[in-house]
Every structure is written in structure tokens, then in C-alpha cells.
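Colleague: Quick one, what's the 3D model for this:
(2 chains)
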Amino acid sequence: GESVGLHLPTLSVQEGDNSIINCAYSNSASDYFIWYKQESGKGPQFIIDIRSNMDKRQGQRVTVLLNKTVKHLSLQIAATQPGDSAVYFCAENNQGGKLIFGQGTELSVKP
Amino acid sequence: DTGVSQDPRHKITKRGQNVTFRCDPISEHNRLYWYRQTLGQGPEFLTYFQNEAQLEKSRLLSDRFSAERPKGSFSTLEIQRTEQGDSAMYLCASIGQGNSPLHFGNGTRLTVT
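Modeller: Okay, the predicted model is just below:
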């Protein structure tokens, strides 16, 4: 979705469907990428990470894909559940271990 | 609870007052980070410590902000002469040796009236 001002990009999916959340990162020298999930009133929670020497990594129900050519990262969630509803952020390790976060995507799962 | 702990969870203060937040990182994590998050945005880096040494500060950290980690364990973030623009969620995170993900606390939500 389009992001204007304080509005986050949003993704609405039906329970049981697969979700794909996309992220463009800025620094071609970044070598470590992380996806975080943030629920309302809580801090970001680690989901999965990937290093730049890989292009795919799988976890439990989640897969991260990294395309360094176009500086693009995606998070795939299989069989999305209502508990997956949250804001999802990608982050890149941009020198010295500090993470630079993207804007975030709000995932809404319809039962 | 062995996660990152932040206190208080919420703080409401009047403009011009000073506030201090505390962060207790995961035990034995030697690096500690402070981030700020405003509504609808991703967390923005403020500063980080390796043990007790403050190694980097963002340009976002004006001279009204100061952070300490005196014994290399817990950290405090103080904001002096608060302004309405300081209203945000202040997040603390910690990380151990090697490359591993940052673990975040649940933040302190500051409202400046």
C-alpha cells in the first residue's frame, strides 16, 4: 500500500493464506538483515535473520529472501494466523552493529 | 524474566521537566542500545554502549539527552527540559558477543504535555 505521513503500508490477508512482506534496504555494504515483529505496546521481537552470503533462510513458518542485486528483502509467512497480526520491520546492519530500520508494514489477518 | 527490562513503562511529564529512564539488559550482554520510535515509524538509533563505554551517538541525540552505563550493566537515559517533540517510545536493546540479533525491551512511552 502507499505510505503517506504517519500511515504505514498495510497488508490484509485471510487466515490460512501465505503472506509476503517486502522491504527495500539502502546500503549495499550492509551484511546482516533482520526481520522484527512488533505488537501494539511492545518492543520489536526477533523473527529471523539472514547474512549477505545467503539468499534464502527458513524458519518455522517463515522464510526470508535476500536479493542483493536490487537490495530487496522479503518475509514470507506460511499459513498466516490471527496471532501474526502486527507491524513488521526489516532492519539492516549498517556499520558497527547498529541496526537501521525500515518504515514497517502492518499485517492484518482476517479470521 | 531474563529479557531486557525497561522502567517505567509509561511516563507523562510537563514540558520543561527532566525525566530519566532505566534499562536492564540481558545478563552478560556487553552491548546496549537506545532507540526512539514515534508513531508509525521504525525505531531510530540514538546511542550505544560497549560495556561502560559510550561508543556512538546519533545526531538525533541533542545536548538535552544524556545516557550512562556506569558499571557496564544497567543504563539510564535522561532528557532535560523536555519538549513536546520528545514524546515517543524509547526502546532499549542488548546484544552479546558475536553476531546475534538485538533483543529489545518493551520500551518506555513518554508523553510530554
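Colleague: Does A:G16 touch A:P82 like I think?
Modeller: No - counting by Cβ atoms under 8 Å, no contact exists between A:G16 and A:P82, whose distance comes to 10.4 Å. In short, each C-beta sits where N, CA and C put it, glycine included.
Colleague: what residues does chain B put near chain A?
Modeller: Near chain A, the residues belonging to chain B are B:4, B:31, B:33, B:39-45, B:48, B:55-56, B:91, B:93, B:95, B:99, B:101-107 when assessed by Cβ under 8 Å from any Cβ of the partner chain.
Colleague: From those residues, which land in strands?
Modeller: Among those, the members falling in strands (DSSP state E) are B:R31, B:Y33, B:E44, B:F45, B:Y48, B:L55, B:E56, B:L91, B:A93, B:I95, B:H103, B:F104.
Colleague: who does the fourth one bridge with?
Modeller: Beta-bridge pairing of B:F45 under DSSP bridges involves B:Y35.
Colleague: Give me the sheet partners of the lowest-mean-pLDDT helix or strand in chain A and which way each runs.
Modeller: Least confident helix or strand, chain A: strand A:99-101 with a mean of 89, by mean pLDDT, DSSP states H and E. Strand A:99-101 pairs in its sheet with strand A:86-93 (antiparallel), by DSSP bridges.
Colleague: quick one: the partner strand to chain centroid distance?
Modeller: Shown here is strand A:86-93, whose average C-alpha point lies 5 Å from the average C-alpha point of the whole chain (Cα atoms, centre = their mean, to the nearest Å).
Colleague: now swap in stretch B:54-71 and tell me
Modeller: When C-alpha coordinates are averaged (Cα atoms, centre = their mean), stretch B:54-71 and its chain have centres 9 Å apart.
Colleague: how long is that stretch end to end?
Modeller: Separation of the first and last residues of stretch B:54-71 by Cα to Cα, to the nearest Å is 12 Å.
Colleague: so what's the backbone phi/psi at A:P82?
Modeller: Dihedral angles of A:P82 (phi, psi; degrees, to the nearest 10) stand at phi -50, psi -30.
Colleague: A:E15 is in contact with that one, correct?
Modeller: Yes - at 6.1 Å, A:P82 counts as touching A:E15 under the criterion of Cβ under 8 Å.
Colleague: Have a look at these two and say which one is more surrounded.
Modeller: A:E15 (13 against 10; other Cβ atoms under 10 Å in any protein chain shown).
Colleague: What segments of chain A are strands?
Modeller: For chain A, applying DSSP E gives strands covering A:10-14, A:19-24, A:32-38, A:45-51, A:56-58, A:62-67, A:72-77, A:86-93, A:99-101, A:105-110.
Colleague: Make JSON lines from those and add mean neighbour count to it.
Modeller: Below are the strands of chain A laid out as JSON lines (neighbours: other Cβ atoms under 10 Å in any protein chain shown):
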{"stretch": "strand A:10-14", "mean neighbour count": "14"}
{"stretch": "strand A:19-24", "mean neighbour count": "17"}
{"stretch": "strand A:32-38", "mean neighbour count": "23"}
{"stretch": "strand A:45-51", "mean neighbour count": "17"}
{"stretch": "strand A:56-58", "mean neighbour count": "12"}
{"stretch": "strand A:62-67", "mean neighbour count": "17"}
{"stretch": "strand A:72-77", "mean neighbour count": "19"}
{"stretch": "strand A:86-93", "mean neighbour count": "24"}
{"stretch": "strand A:99-101", "mean neighbour count": "21"}
{"stretch": "strand A:105-110", "mean neighbour count": "18"}
